[in-house]
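Q: structure, please.
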Amino acid sequence: MKKNKIIFWVSTIIFAGFMIFSSIGSVTGNPEAIKFITDLGYPEYFIPFIGFAKILGCLAILVPRYYRVKEWAYAGLFFDLLGAVYSIIMVNGFDRSMMVMAVIISIGVVSYIYSHKISGEKKADKLF
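A: Below is the predicted model of the structure:
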């Protein structure tokens with residue numbers, strides 16, 4: 001059980017850290033981040049929204065309770081990552097440096113799997 005908790009917390013902190021780090025430019029209005037996202041075709045008003053949503057999702061996966069909320073947070077974070085990869089490929093084409101996203105997504109999958117292992121399936125059925 002202790003091994004499961006260590007794997008969960010290490011993977012979750014790395015995953016949440018990456019997601020929070022990637023949202024800082026959106027939330028603070030960094031011109032480079034805004035240009036990068038608008039070049040992908042997204043409207044400028046969408047940028048702070050998605051930045052705050054990522055931060056809230058990270059907080060949800062870091063808080064030890066609220067299992068149903070965690071499920072939605074993981075889903076939202078994965079949709080964000082997959083949408084980002086798809087958008088970049090469609091606009092700029094595939095680049096080998098994007099393989100780092102596979103590593104980040106894999107770390108998120110490990111976090112998700114171990115969140116279920118340490119919480120138990122019966123707790124995941126509760127709303128709060």
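Q: please count neighbours and contacts with C-alpha atoms only from this point.
A: Will do.
Q: where does the residue nearest in space to the middle of the chain fall, secondary structure wise?
A: The centre of the chain sits closest to residue 77, judged by Cα atoms, centre = their mean, with a distance of 3.4 Å. Secondary structure assigned from DSSP states H and E places residue 77 in helix 67-92.
Q: cool, residue 41 as well?
A: Counting by DSSP H and E, no helix or strand carries residue 41.
Q: ramachandran angles for it?
A: The phi/psi pair for residue 41 (degrees, to the nearest 10) reads phi 100, psi 0.
Q: please tell me how far it sits from residue 58.
A: With the distance defined as Cα to Cα, to the nearest Å, residue 41 ends up 25 Å from residue 58.
Q: the two: which has the busier surroundings?
A: Counted by other Cα atoms under 10 Å, residue 41 and residue 58 do not tie: residue 58 has more neighbours, with 24 against 11.
Q: thought that one was touching residue 19?
A: Yes: applying Cα atoms under 8 Å, one finds residue 58 in contact with residue 19, separated by 7.1 Å.
Q: tell me who's in contact with residue 14.
A: By Cα atoms under 8 Å, 6 or more residues apart in numbering, the contact list for residue 14 reads residue 107.
Q: no further questions, thank you.
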